[in-house]
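1. Give me coordinates for this.
(one chain, ligands or ions: 2)
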Amino acid sequence: MSIAPATSTLISPEDAGFASLQAETAIRSISARIIAAPTRRKHKLSNTSVNHQGYIFVEVTLENGVVGYGEGSTLGGPRWAEESVEAMKANIDAYIAPALIGHPACELERAAKLMAGACKRNNSAKSAVDMALLDATGKTLGVPAHVLLGGAQHQSFSAIWALASGDAAQEVEEAQGMIEKGWFNRFKIKLGFADPATDLGRLAALQKALPAGTDIIADVNQGWSEADCIRYLPRLEDLGVSLIEQPLPADQMAGMARVAQRSAIPIMMDEGVFTPAEAFDGCAKAAGSVISLKLCKHGGVHQLKQVAGIARAAGVQLYGGCLLESSIGASAHLHAFSTLPALEWGTEHFGPKILVEDLTREGLVYENFRVHLPEGPGLGITPDPDRLDRYEIKD
Ligand code: MUC
Ligand code: MG
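-> Ligands and ions are numbered 1, 2, ... in the order given. From the prediction side, this is the model:
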């Protein structure tokens, strides 16, 4: 058997086809708009409460005329994390966009490096631009975004709905409605904004009203101390909670590790893990056995995949997190999630259903308690211009 010579038909970077793709996808302009989209009900967390969801909506125009779209979320201004929509827009306009103009959108990894050089952290802002580059490149090449990330291994995901009104009766009714619609039959309940006894009452009401065995996850959003955990984790266990998300403040990795060691319920790291280095630290310290993946935390699809790789190497499971993105941001997450070998806990991308109006024309498809990976080039969604105009905050 003869072996083909190494100089066969491989396309070199100098090849005319690649050079023309670089020229075609050179970034001509980047714009960012602030959007405040109303939610169907108040969404309460330990550290904030919203009835409008804030996004930065990004449009990237390439030299070939193709436009890519992206979205970055915050929750209640700079409260869930340090970014606000106002700061995201200012930093995209002043630092991120100038660093990228003229750069080929198809060189996504180099674009991420340029963004890293332009500003520290600002991960939600960077992720909004990154997803727009991904969308524009996929549209130019006529392929779905997941193809640019290695190809989809999953076409749909088990979907989780978040209960966060703080009103036990309303939460029971809402959960039952989601089951009836066939959209969600797994739930996450927000704890930590009332005293633990009141919170546990909500949880008990839910557990009693929902079908036996319904999956219930509790997100404390950094609202408890280690002492609270020692006292209340056994109660959560009695109530059948399957997963506890970020009970302690984000910077208390050692405390999270002690809580994880004594908990019979798996602990998930959320606000404590933004960067790959934080993922490494959390995994090394055993600060949890699950990590919630979110583009707004990791700063882009490649960094999300790096965090996922670190978790996988450490034997830590993965959860598809959200920050109430519309179908624009949610679809970017699904493309990234679809390329992972496993997403053991499914995804909580319920954002499109909590908005009074989603921000895309088609919206993501939710059926049989699963959310589906959109089809078509790029992210596979079309932003709705009227809705964006309606919800834009202009100064
Ligand atoms: C969080 O901490 O998980 C995501 C879903 C939700 O209800 O709140 C956000 C933030
Ligand atoms: Mg969380």
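
2. in stretch 170-177, what counts as buried?
-> E171, V172, E174, A175 (16 or more other C-beta atoms under 10 Å). Any C-beta I mention is one placed from the backbone N, CA and C, and that applies to glycine too.

3. Show me the strands in this protein, by range?
-> In the chain, the segments counted as strands under DSSP state E are 27-44, 49-62, 67-73, 156-158, 160-163, 186-190, 215-219, 243-245, 267-269, 290-293, 317-320, 366-367, 370-372.

4. picking that back up, need the buried residues of stretch 170-177 in TSV with distance to ligand 2 and pLDDT, can you?
-> Formatted as TSV, the buried residues of stretch 170-177 follow (distance: C-beta to the ion, whole Å; pLDDT from 0 to 100):
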residue	distance to ligand 2	pLDDT
E171	17	97
V172	22	98
E174	19	98
A175	18	98
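
5. out of those residues, what pair is the most spread apart?
-> V172 and E174 (7.3 Å; C-beta to C-beta).

6. Around ligand 1, which positions in this structure sit nearby?
-> The chain has residues L45, L75, W80, A162, A164, D219, N221, D270, G321, C322, L323, E348 near ligand 1, with proximity defined as C-beta under 6 Å from any ligand atom.

7. By neighbours, which of those wins?
-> E348 (29 neighbours; other C-beta atoms under 10 Å).

8. could the residues of the chain next to ligand 1 go into CSV alongside pLDDT?
-> Putting those into CSV (pLDDT from 0 to 100) gives the following:
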residue, pLDDT
L45, 89
L75, 93
W80, 95
A162, 98
A164, 95
D219, 97
N221, 96
D270, 98
G321, 98
C322, 98
L323, 98
E348, 98
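
9. hang on, the earlier thing: which ones among the buried residues of stretch 170-177 are found in helices?
-> E171, V172, E174, A175 (DSSP state H).

10. Dump those residues to TSV, plus distance to D135.
-> Listed next are those as TSV, based on distance: C-beta to C-beta, whole Å:
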residue	distance to D135
E171	35
V172	39
E174	32
A175	33
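
11. got the contact list for stretch 336-345?
-> Residues from elsewhere that reach stretch 336-345 (C-beta atoms under 8 Å, 6 or more residues apart in numbering): 146, 149-155, 157, 160, 243, 268, 290, 293, 295, 301, 304-305, 308, 312, 317-320, 347, 373.

12. which among the residues you listed end up buried?
-> Buried, going by 16+ other C-beta under 10 Å: 146, 149, 152, 154, 157, 160, 243, 268, 290, 293, 295, 301, 304-305, 308, 312, 317-320, 347, 373, out of the contacts of stretch 336-345.

13. Tell me the bridge partners for V290.
-> M268, Q317 (DSSP bridges).

14. Can you tell me how far E357 is from R79?
-> 24 Å (C-beta to C-beta, to the nearest Å).

15. how close does the residue in the chain positioned nearest to ligand 1 sit to ligand 2?
-> When scored by C-beta to the nearest ligand atom, the chain has A162 as its residue closest to ligand 1, at 3.3 Å. Distance, A162 to ligand 2, by C-beta to the ion, to the nearest Å: 9 Å.

16. Kindly provide the distance from the residue nearest to that residue when sequence neighbours are not counted to ligand 2.
-> Of all residues beyond its chain neighbours, the one nearest A162 is K188 (4.6 Å), with distances taken as C-beta to C-beta, 6 or more residues apart in numbering. Note on K188: its distance to ligand 2, by C-beta to the ion, is 8 Å.

17. and K188, how many neighbours?
-> For K188, using other C-beta under 10 Å, the count is 23.

18. and the residue lying closest to Q246 once chain neighbours are set aside, what does it touch?
-> Leaving aside its sequence neighbours, Q246 sits nearest to D270 (C-beta to C-beta, 6+ apart; 4.0 Å). Applying C-beta under 8 Å, 6+ apart, we find D270 in contact with D219, N221, E245, Q246, S292, K294, G321.

19. Which ones, among the residues you listed, also lie beside ligand 2?
-> D219, E245 (C-beta under 5 Å from the ion).

20. how about the nearest residue to T74, chain neighbours excluded?
-> That would be G54: by C-beta to C-beta, 6+ apart, it lies 4.9 Å from T74.

21. Tell me what that neighbour is bridged to.
-> With DSSP bridges as the rule, G54 is bridged to A36.

22. Find me the pLDDT at N47, would you?
-> N47 carries a pLDDT value of 83.

23. And for the closest residue to it other than its chain neighbours, the neighbour number?
-> In space, and not counting its chain neighbours, N47 is closest to R79: 5.2 Å by C-beta to C-beta, 6+ apart. Residues lying near R79 (other C-beta under 10 Å) number 16.

24. returning to that earlier point: can you tell me which residues contact the residue nearest to A162?
-> I160, W161, A162, L163, I216, I217, A218, D219, E245, E348.

25. want to throw the residues you listed into CSV with distance to L206?
-> Formatted as CSV, those follow (distance: C-beta to C-beta, whole Å):
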residue, distance to L206
I160, 14
W161, 12
A162, 12
L163, 7
I216, 6
I217, 11
A218, 10
D219, 14
E245, 16
E348, 16
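
26. Would you check that P352 makes contact with E362?
-> No. Counting by C-beta atoms under 8 Å, E362 is not a contact partner of P352; they are 10.2 Å apart.

27. Perfect, that will be all.
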